[in-house]
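*Asks:* Take this sequence and fold it.
(chains A and B)
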Amino acid sequence: MSSPKIYHTWNYRLPMSTGDTERRKFLQLMGAGATSVALAGCSGNGSQQGDTTETGDDSGSDQQSDGEGGGENDFHFIAGQVFGTLDPAEQVDYTQGLAAQNLYDEFVTVDPDSLEPTAHIADSWDTEDGGSTWVFTLRDDVTFTDGEILTAEDVVYSMRRMLNMKAGYSSFWLDTLDPSNVNARDEQTVVFEFSQAYGPALATFVQFYIVNSQVVKENEQDGDYGKAYLRNNSAGSGAYELENWEQGTSIEMTAYDDYWKGWEENSFDTFRSTVITEQSTIINTMREGGGDMTDQYMGTQAYKEMASFPNVRVPEVPQLQLFHLPLNTQKAPTNDINVRKAIAYAFDYESAVNDIIGGGAVAAGPVPREMAGHNDDIEPMSQDLDRAREFLDQSDYTVEEINDIGLEQVVVAGTELQRQIGLVNQAGLAELGIELDINPQQWATITDRATDPEKTAHITNIFHTAKMPSPDSHTYLMYHPSSFGSYISQSWHTTDEITSVLEEARRTTDLQGRLEKYQEAQALVVEGMPSVYIANPPYRIGINENVSGWQYHGVMSFDWDVHSMQREGDGRAK
Amino acid sequence: MSYVDYIVRRGFQSIPVVFGLSVLIFVISRVIPGDPVRLALGPQASQQQVEKLRAEMGLDQPLPLQYVDWLAGVLQGDWGMSLRTNNNVLSDIVARLPATFELVVVTLFFAVLLAIPFGVVAGTNKDRWQDHLSRITALFGVSMPRFWVAIVLQIIFVVSLGLLPLSGRLSDGVVPPPAVTHLFLVDSLIAGQFGTFVDAAKHLVLPAFALGLATLAQVMRLIRSDMIDEQRKDYVLAARAYGLPNNLIEYKYMLRNAFTSSLTVIGLAFGFLLGNAFLVEIVFAWPGMARYGVQAILYQDFNSIVGITIVVGVGFVSANFVVDLLYGYIDPRVRLEEN
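*Replies:* Have a look, this model is predicted:
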């Protein structure tokens, strides 16, 4: 039985509230005055050397606005994690992606309506040599923030740089594209010659950002491809320019006036992102009208609470994300398919989706249901303890033997949702007499264990979000042997047939034909039950009511393209 | 022993403590499970890349050699690269320490400032309502988790009353004062920016209160019990018999004697707050060193872990050094006993 899809859009809009400002100001000044008197004699010896935190040429006067940030129309994004790097070639997580999205332009982008790759810097394209050569024609009106025109040379340099650095999403191309095989045919034409036909190439290029080759070359140090420079500076053609970055604290950008896509009258002049990791502080900041947007990684309750505020809306849309429990197929007792099936049938999917995740749909195989290329013939699982017992009876292991080995489920330490999922699994397995050990571990430990099938846990909690608009990210990256060793592929599951079909899919340039191959691969994968496919969770974020233009794009961080959003009304809704 | 000899001796005794701490934390940070290099490089990194970075960072060397390299670097200002920020750990810490230092100093100052009169009043009014009130306050202060207090304060003073700012060191749009000490309160006064000073002070109120409540309670209870002990002594009886004013007896004579044990707690509290401010820093999005330390632990960024621990350790040692000096000043018997 499939779980019902729960997709809402909460929309509340009530009048802005005002406070007793005179009384507030008086009390604030009283408190501050007391503090200032007391502090006068206590903190005069704290001389520190280091980088200045100044953001402007303050000449001695203490400027203060009324809480709308540095600019008249300021967009404030609240990030739950720090920005590790600003280099678009190294970006892998959502804050790094957010920086890249706004400081640079991606080669092709994602159409928010179809969730398919579409033109951006690359205006049109064609394939040659049976799909192994991709020829792209660029727009001729794109300029970097220093005014220089973006040309094919910049694209060639950016891709070669990425391939040579072997960082970020370079693994999308490393196996099939040699740096010397990326060349400019003329100022506006770039040719990528892959070693074989590479069907999903277009989809992978959404994670390819173009840097200003002239600026980066000028700042290279010892052949580092400008890596040190771009970690802390920007050299892009994006809608925003870097103004200030205090790593771990905040990032500030200002609009690039000559951005090739142009600007709306009420577009945002500045874009700020502040790192706030405490959920209650994020909620209260949104409640106070201090923030325009949150990320999607808070607990379900946080979004429900924000949806109750008159000044915040919480859109909830189907998401290209899989939440699953990979089962280690290389280690006893989960190397037995019947044990894996018993675990999958013992799991209570309804409770997990409705009570813990708080919405979305039970997953139907590894590819998220909303993604083009999902195999609709795959039925979502549901709890069936009788079938679970049947499979357990057919397995090579008795319950006693399984308990002697000790079944382990790893959850990310400190994440309540993951712990609760562990408890649901534990309760289901207890019905079969199996004891499950829930082991909270740090993410560093989990990724380390994922490099070796012997070290990988029997069961691990994993959220896997689409990194490109193609089912390749939920098949090839999970079940092809070349992907093994990453946290994404902790089931260590493949067969010759699966490998062959996945390789064939990548070689197929015809879109429909390729999607059929991925569908075939999904059917083969689920036969081996390498995961408990729990859910395709809903995508939720908190948005201030006075922000318009936001759209879900399906690929991580593309939803935070601030250029596409505008301010409605007078400042943030409070 | 002269006071100078006493200071020098105490100073030298601090060196092996810091050295021992550095060895201990260096070893612990490198034997905890997990592979921080792989985490830093991301899930797509090949084994070859992982090995390359490991070699670049000297992590393929024996542990004693790694320590010697690290120590040599530290003495030259190179505290190693943070795997999370890719910066020199020293520059990361220097950028964040002032925020935590300012918070801790303000916290401690107010905790002690309030604890003294509350403790004296409670001690001199044993088993009266003032004493009961201080007991309840102390119990609350010690038993309530800091993060919980912080969140409750936010709800009351920010969400409900709208009296104080929610998070950060300055309000949106307020430009930080020109950096001299990196302490906003001090720098804003130096620059003559009174508005910025007031704004920075307002941002300190709630975090400082949440952080300092437990210290306030501890110091208050210690002063209270020591004041009760002092009250029973002959010199107090004599002073009262001479008809000296109560305030003079309590705050000049009794408090000086009652304060020595509190001094120990205050010294320890400085180091403790420096390293344990993270919960409050996280709740108030305070861009300090403690929050950076927690992130370092979660990401197994071991150069940062060692760096932060050394700074907190030096904070502990320095605070206790100052306390020792004050002991010697307040009670000369302490330095005489050293002989």
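
*Asks:* Low-confidence stretches in the stretch 201-350 of chain A?
*Replies:* Counting by pLDDT under 70, the stretch 201-350 of chain A contains no low-confidence residues.

*Asks:* hey, where'd the strands end up in it?
*Replies:* Ranges of strands in the stretch 201-350 of chain A, per DSSP state E, counting those that start in this stretch, are A:209-210, A:240-246, A:250-255, A:270-275, A:312-318, A:321-326.

*Asks:* Okay, helices next: where are they in the stretch 101-250 of chain B?
*Replies:* Along the stretch 101-250 of chain B, the stretches classed as helices by DSSP state H, counting those that start in this stretch are B:129-143, B:146-153, B:184-190, B:194-231, B:234-241, B:246-248.

*Asks:* Export these to TSV and append columns for mean neighbour count, distance to A:G542 and mean pLDDT.
*Replies:* (C-beta placed from N, C-alpha, C; glycine too.) Formatted as TSV, the helices of the stretch 101-250 of chain B follow (neighbours: other CB atoms under 10 Å in any protein chain shown; distance: least, CB to CB, whole Å; pLDDT from 0 to 100):
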stretch	mean neighbour count	distance to A:G542	mean pLDDT
helix B:129-143	15	33	89
helix B:146-153	18	18	90
helix B:184-190	23	29	95
helix B:194-231	23	23	92
helix B:234-241	12	61	90
helix B:246-248	10	55	87
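
*Asks:* Looking at those helices, which is nearest to chain A?
*Replies:* For those, the distance to chain A is smallest for helix B:194-231, at 3.9 Å, taking CB to the nearest CB.

*Asks:* packing partners for that closest one?
*Replies:* helix A:21-39, helix B:89-124, helix B:129-143, helix B:146-153, helix B:184-190, helix B:255-276, helix B:278-283 (3 or more CB pairs under 8 Å, 6 or more residues apart in numbering or on different chains; DSSP states H and E).

*Asks:* for those, which one sits closest to A:D496?
*Replies:* Closest to A:D496 of the helices and strands packed on helix B:194-231, according to CB to CB: helix B:89-124, at 48.1 Å.

*Asks:* Mind listing what's buried along the closest one?
*Replies:* Within helix B:89-124, the residues that count as buried by 16 or more other CB atoms under 10 Å in any protein chain shown are B:89-112, B:115-116, B:118-124.

*Asks:* which helices and strands does that helix pack with?
*Replies:* helix A:21-39, helix B:129-143, helix B:184-190, helix B:194-231, helix B:255-276, helix B:278-283, helix B:289-298, helix B:302-330.

*Asks:* Please list all residues in contact with A:T137.
*Replies:* A:A122, A:D123, A:S124, A:W125, A:Q188, A:T189 (CB atoms under 8 Å, 6 or more residues apart in numbering or on different chains).

*Asks:* Return the member of these nearest to chain B.
*Replies:* The closest of the contacts of A:T137, once distances to chain B are taken by CB to the nearest CB, is A:A122, at 22.8 Å.

*Asks:* what residue ranges in the chain score low on pLDDT?
*Replies:* Just going to use chain A. A:1-72.

*Asks:* Oops, wrong one, chain B.
*Replies:* B:1, B:33-34, B:36, B:39-47, B:49, B:334-339.

*Asks:* quick one: contacts for the closest residue in space to B:S262 that isn't next to it in sequence?
*Replies:* Using CB to CB, 6 or more residues apart in numbering or on different chains and skipping residues adjacent in sequence, the residue nearest B:S262 is B:L222, 4.6 Å away. B:L222 makes contact with B:G119, B:S261, B:S262, B:V265, according to CB under 8 Å, 6+ apart.

*Asks:* so how many other residues sit close to the last one?
*Replies:* Around B:V265 sit 18 other residues, with neighbours defined as other CB atoms under 10 Å in any protein chain shown.

*Asks:* cool, and the second one?
*Replies:* By the other CB under 10 Å criterion, the neighbourhood of B:S261 contains 14 residues.

*Asks:* can I assume it is in contact with B:R224?
*Replies:* No - proximity of B:S261 to B:R224 does not meet the contact threshold set by CB atoms under 8 Å, at 11.4 Å.

*Asks:* hang on, A:F77 packs against A:F271?
*Replies:* Yes - the pair A:F77 and A:F271 qualifies as a contact (CB under 8 Å) at a distance of 7.2 Å.

*Asks:* Comparing the two, which shows the higher neighbour count?
*Replies:* Higher neighbour count among A:F77 and A:F271: A:F271, with 28 against 20, using other CB under 10 Å.

*Asks:* and the more buried one, what are its bridge partners?
*Replies:* A:F75, A:M253 (DSSP bridges).

*Asks:* got the contact list for it?
*Replies:* Contacts here follow CB under 8 Å, 6+ apart; on that basis A:F271 touches A:D74, A:F75, A:F77, A:N102, A:Y240, A:E252, A:M253, A:T254, A:A255, A:V562.

*Asks:* Which residue is the nearest non-sequential neighbour of the fourth one?
*Replies:* When you say that, I think you mean A:N102. A:N102 sits nearest to A:Y240 (CB to CB, 6+ apart), 4.6 Å away.

*Asks:* can I assume that neighbour is in contact with A:Y256?
*Replies:* Yes - look at A:Y240 against A:Y256 with CB under 8 Å: they come within range, at 6.2 Å.

*Asks:* Looking at these two, which is more packed in?
*Replies:* Applying other CB under 10 Å to A:Y240 and A:Y256 shows that A:Y240 carries more neighbours, namely 27 against 21.

*Asks:* Can you give me the distance of the more buried one to chain B?
*Replies:* From A:Y240 over to chain B the distance is 18 Å, taken as CB to the nearest CB, to the nearest Å.

*Asks:* what does A:Q101 give?
*Replies:* From A:Q101 across to chain B, the span is 18 Å (CB to the nearest CB).

*Asks:* And A:E305, by the same measure?
*Replies:* 12 Å.

*Asks:* State the distance from that residue to A:M286.
*Replies:* Applying CB to CB, to the nearest Å, the value for A:E305 to A:M286 is 9 Å.

*Asks:* Comparing these two, which shows the higher neighbour count?
*Replies:* When A:E305 and A:M286 are compared for neighbours, A:M286 comes out ahead with 26 against 20, by other CB under 10 Å.

*Asks:* was I right about that one contacting A:V547?
*Replies:* No - A:M286 is beyond contact range of A:V547, at 11.4 Å (criterion: CB under 8 Å).

*Asks:* circling back: quick one: the helices and strands packed on helix B:194-231 as CSV, columns for distance to A:G199 too.
*Replies:* Output for the helices and strands packed on helix B:194-231, formatted as CSV (distance: least, CB to CB, whole Å):
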stretch, distance to A:G199
helix A:21-39, 61
helix B:89-124, 44
helix B:129-143, 62
helix B:146-153, 50
helix B:184-190, 56
helix B:255-276, 54
helix B:278-283, 45
